[in-house]
Structure formats: C-alpha cells, structure tokens
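In: please find the sequence and the predicted model below.
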Amino acid sequence: LQQPMRAKHCQLCQHCVRRYDHHCPWLENCVGERNHPLFIVYLSMQLVVLLWGGRVAWSGLYFEQSREWLQHNIFLLVSFLLILIFTIVVLLLLASHLYLISCNTTTWEFMSHHRISYLRHSELENPFDQGIILNLWRFFC
C-alpha cells in the first residue's frame, strides 16, 4: 500500500492516521485530521478551567507575615503554584499548536522535517502553506 501524504503509522496505537499531528499522552490517542480541531478546543477548555481555578485559589489567599498564616494557607498556596505551572504549560502548548495551524503544518512535520520525503527538498517553504487566513479558515471551518 502506498501511504498518503501527511499520513503516518503510529507505533503506539498501531493505526495509520491521516494528517498525523502527534500521539497525545493526555488523551492516549493520536491527534490527526479528524480530531485536531477538537484537541484545540480541549486545550482551550483546559486553559479556561486552569485560569478559573487560579482565580479562585488567588481570591482565597490573604497575606500576612506570620507562621500561623502559612500553616493555614499552605495547601492553597501550593495549589495556586501548581495551577500556575499547569497554566503556563497549557498556554505554551496552545500557542504552539495555533502557530503550527497558521502555517498549515503538523507537529510531526515540524519536528521531523528533515526525515519526511516530501518536505526534505523544501528547506525554506512549507508546500502546504496557503497564508494565515486561509490556513485558519480551512482548519476551523
């Protein structure tokens, strides 16, 4: 069988995925042509929930300089710091995926540009790029 362009066989799922982006460890599934927009919605919803949780945790904190204050608020403070770290990670993931979508490339193509036969000879240009507006339109619509 001849493999279509932009398709890849996932070693973890043992499936061939059209317009393969990556295998997501959070979802334990491949992100590809059919579910990539839903993955962006998933990351966006995660970001909204993390921002809301960060806001709730921050509003519960009131600052005093005493040992007793720290004993009563250590869980809330640690929760806020963890939420902050996860928010930064999800924000970076979402931003990187939106950038790749605007360039009409996948994570796999971006990371393995030198190993993919149809991209190896086009060092400077992505042959699938049709401009930011059209790339976003075709992805989301």
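Out: Nice, thanks for sending it over.
In: the spatially most central residue of the chain: what's it in contact with?
Out: In the chain, the centroid-proximal residue (CA atoms, centre = their mean) is Leu93; its distance is 3.6 Å. Contact partners of Leu93, counting by CB atoms under 8 Å, 6 or more residues apart in numbering, are Leu43. All C-beta atoms are positioned from the backbone trio N, CA, C, and that covers glycine.
In: and with 10 Å instead?
Out: Cys24, Trp26, Phe39, Ile40, Leu43, Gln46, Leu47 (CB atoms under 10 Å, 6 or more residues apart in numbering).
In: likewise Glu125?
Out: Leu119.
In: for Ser117, state which of the contacts of Leu93 is nearest.
Out: Using CB to CB, Cys24 comes nearest to Ser117 of the contacts of Leu93, at 25.1 Å.
In: shaky segments in this protein?
Out: Applying pLDDT under 70 to the chain flags residues 63-66, 69, 122-124.
In: now the strands for it?
Out: Counting by DSSP state E, the chain has strands at residues 8-10, 15-17, 22-24, 29-31.
In: so which of these has the densest surroundings on average?
Out: Counting by mean count of other CB atoms under 10 Å, strand 29-31 has the highest mean neighbour count of the strands of the chain, with a mean of 21.
In: to Gln71, which of the strands of the chain lies closest?
Out: Of the strands of the chain, nearest to Gln71 by CB to CB is strand 22-24, at 39.3 Å.
In: name the helices or strands packed onto the closest one?
Out: Using 3 or more CB pairs under 10 Å, 6 or more residues apart in numbering; DSSP states H and E, the elements in contact with strand 22-24 are strand 8-10, strand 29-31, helix 36-60, helix 107-111.
In: understood, closing this out.
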